[in-house]
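1. Sequence and computational prediction follow.
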Amino acid sequence: MKIFNSITFLLVLAASIGAHSQNTLSLSMQEAQNLGLQNRYDVKAMRYDLELADKKIQEQKNNLLPDLKATGNIHYSPKIQATFIPPGFVGMTEGRLVALGAKSTSIFALELHQPLYNPSLNTNIQLAQSSKLIDEQQVHLQEIEIKKQISYSYLNVLLRQLQHDLAKEEERRFETYAKLAEGKHKNGTLVDNDFLRAKLDYENAQQQTQISKQNYDYSLQTLRYQLNVTDSTTLVLTDKLGVVSVTDVVAPDYAAADKRIEYQILSLEEKHNILQGKKQRQMVLPTLSFVANYSAQYLNAEFNYDYTMGKWWSSFSGIGLQLSVPLTGQFTNRNHLQQISLESQKIRAKQEHQKQTTIHEIEQASSELANAAKNFGNAQKNYELAKQIFQNQQQQLQLGSFSYEKILNTESTVTNTEENYVLACYNYLVARLNYTVAVGQL
């Protein structure tokens, strides 16, 4: 029985550990980007556009195939339209109106239509393929935007996490100061006001820790939303904000302006518009098709649709060529071509604007990256100096030297330096991300 209980305990423990591991995700920033692209429904919805584009291409290709259809027409005429019979017909001395025809008419047919010459059909296929290329780049552009949002959220979590860690450390320090002040106050070596001030500072530090914890939780909630994971999922971020290697700042890569997705989309739109003009000019060309027809006709003089009566059935068929020549299209087509020409000029203007915008973004991102790297280097030096000052103060405290005013001055210096260091590190990572986006490498 004891062995059975032990096995049961181990199985329950293993199940709980497995469930915990399933609800815990350890992610680098790159892994977070990939997970978001995999999980998010907006990405899945965008990718359906590509499947729809494939269907549209196939739809245009199907227009090159023979079109075979069956038709049926059942008609009843209670009163048959009279036809004029001229004099001399079958011995008639004068003309008269005679009702000729059947009251019950049924015609069933098979009709075949095969395009032989219609240049616009191939152009329609090219247009559908061009539209898919544009859709692919649009999806890629949206994926870049989503990866950027995830990266910002990821860095924000790192920032809030480190700020919370600093707030907890600051709370522990003020707790130490409060205890020291309480002991000196009991011994009569510290005035009431300094004691109360130490107590209040400790309470404020506790409150600041709670606020930083709330900010950290909010940032995690936002990141979970960006990744589309449940609120019960524990996220462990493997990248660390305090461990940053500053890379050499390179000169702005202006050649990347032509490689940005936004510029590529406009280039594809220009090619698409050229195809539109090609199609529009083809609309005034003649088209030629092969047509064929086979029909079976049932006629009866009364209201009778008994199709088993074979004597009232007859058939006829035919084959031929169908030529269609647009006549007025030459005049109406001119306006469409002018619109397409204006659209091309518009796209080229947007291309130039996009190039200028991208160059400006690259310049700005490069400048911000250089400044952020410089600020981070200075903040790092100040942070090392602040740690040395704090260590000296701790040694003084251990020796029994206690001046709360000096402690506050040192604490303010250390706290501000820590905050500046954390923000400088965060700003550098954001600037590096912005530069990566600006040169189209995200």
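-> Noted; the coordinates are in hand. Numbers count the residues shown, from 1 in each chain.

2. who's in contact with the most centrally placed residue in the chain?
-> When CA atoms, centre = their mean is applied to the chain, the residue found nearest the centroid is Gln142 (3.4 Å). Taking CB atoms under 8 Å, 6 or more residues apart in numbering, we find Gln142 in contact with 42-43, 46. Yep, even glycine has a C-beta here, placed from its N, CA and C like the rest.

3. tell me the SS of it?
-> helix (DSSP: H, G, I helix; E, B strand; the rest coil).

4. just Thr308 next, same as before
-> coil.

5. For it, give me the pLDDT.
-> pLDDT recorded at Thr308 is 85.

6. Closest to Leu190 out of the contacts of Gln142?
-> Asp42 (60.5 Å; CB to CB).

7. my read is the closest one is in a helix, agree?
-> Yes: judged by three-state DSSP, Asp42 forms part of a helix.

8. give the contact list for it.
-> Here Asp42 is in contact with 142, 146 (CB under 8 Å, 6+ apart).

9. So it versus Gln142, what's the distance?
-> Distance, Asp42 to Gln142, using CB to CB, to the nearest Å: 8 Å.

10. Also Thr436?
-> 17 Å.

11. what's the answer for Ser28, then?
-> For Ser28, the distance to Gln142 equals 22 Å [CB to CB].

12. Also Ala431?
-> The value you get for Ala431 to Gln142, if CB to CB is used, is 23 Å.

13. How about Tyr383?
-> 39 Å.

14. now the longest helix seen in the chain: mean pLDDT?
-> What stands out as the longest helix in the chain, according to DSSP state H, is helix 329-398. Average pLDDT, helix 329-398: 86.

15. Past that helix, which element shows up next along the chain?
-> Counting by DSSP states H and E, the next helix or strand C-terminal to helix 329-398 is helix 404-438.

16. Rounded mean pLDDT for that following helix, please.
-> The model assigns helix 404-438 a mean pLDDT of 85.

17. Could you say which helix or strand holds Gln297?
-> Per DSSP H and E: strand 287-300 holds Gln297.

18. Same question for Leu68.
-> Under the criterion of DSSP H and E, Leu68 resides in strand 67-76.

19. Please identify the buried residues of whatever helix or strand comes next after that strand?
-> Downstream of strand 67-76, the first helix or strand assigned by DSSP H and E is strand 82-85. By neighbour count with 16 or more other CB atoms under 10 Å, strand 82-85 contains no buried residues.

20. Heading C-terminal from strand 82-85, find the next helix or strand.
-> Downstream of strand 82-85, the next assigned helix or strand under DSSP H and E is strand 96-99.

21. Quick one: mean pLDDT over that next one.
-> Strand 96-99 shows a mean pLDDT of 76.

22. And whatever helix or strand comes next after that strand, what's buried?
-> Remark: after strand 96-99, the chain's next helix or strand is strand 104-117, criterion DSSP H and E. Neighbour counts using 16+ other CB under 10 Å place 104-106, 108-109, 115 of strand 104-117 among the buried residues.

23. From the contact counts, what lies against strand 104-117?
-> Judged by 3 or more CB pairs under 8 Å, 6 or more residues apart in numbering; DSSP states H and E, the packing partners of strand 104-117 are strand 67-76, strand 287-300.

24. I'd like to check the angle between the next helix or strand after the strand holding Gln297 and strand 287-300, please.
-> For strand 287-300, the following helix or strand on the C-terminal side (DSSP H and E) is strand 313-324. Angle between the axes of strand 313-324 and strand 287-300 is 160 degrees (criterion: axes from the mean of the first three to the mean of the last three CA atoms, to 10 degrees).

25. ok, strand 313-324: who's next to it in the sheet?
-> Taking DSSP bridges as the criterion, strand 313-324 sits next to strand 287-300 (antiparallel) in its sheet.

26. Return the distance of the strand it pairs with from the chain's centre.
-> With CA atoms, centre = their mean, to the nearest Å as the basis, strand 287-300 stands 51 Å off its chain's centre.

27. which stretches of the stretch 1-150 of the chain have low pLDDT?
-> Applying pLDDT under 70 to the stretch 1-150 of the chain flags the ranges 1-22, 90.

28. Might one say that Thr209 is in contact with Ala167?
-> Yes: contact criterion CB atoms under 8 Å: Thr209 and Ala167 qualify, at 4.4 Å.

29. re the thing from before, how about the buried residues of strand 104-117 in JSON lines, adding distance to Asn416?
-> Listed next are these as JSON lines, based on distance: CB to CB, whole Å:
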{"residue": "Ser104", "distance to Asn416": "101"}
{"residue": "Thr105", "distance to Asn416": "98"}
{"residue": "Ser106", "distance to Asn416": "96"}
{"residue": "Phe108", "distance to Asn416": "92"}
{"residue": "Ala109", "distance to Asn416": "90"}
{"residue": "Pro115", "distance to Asn416": "78"}
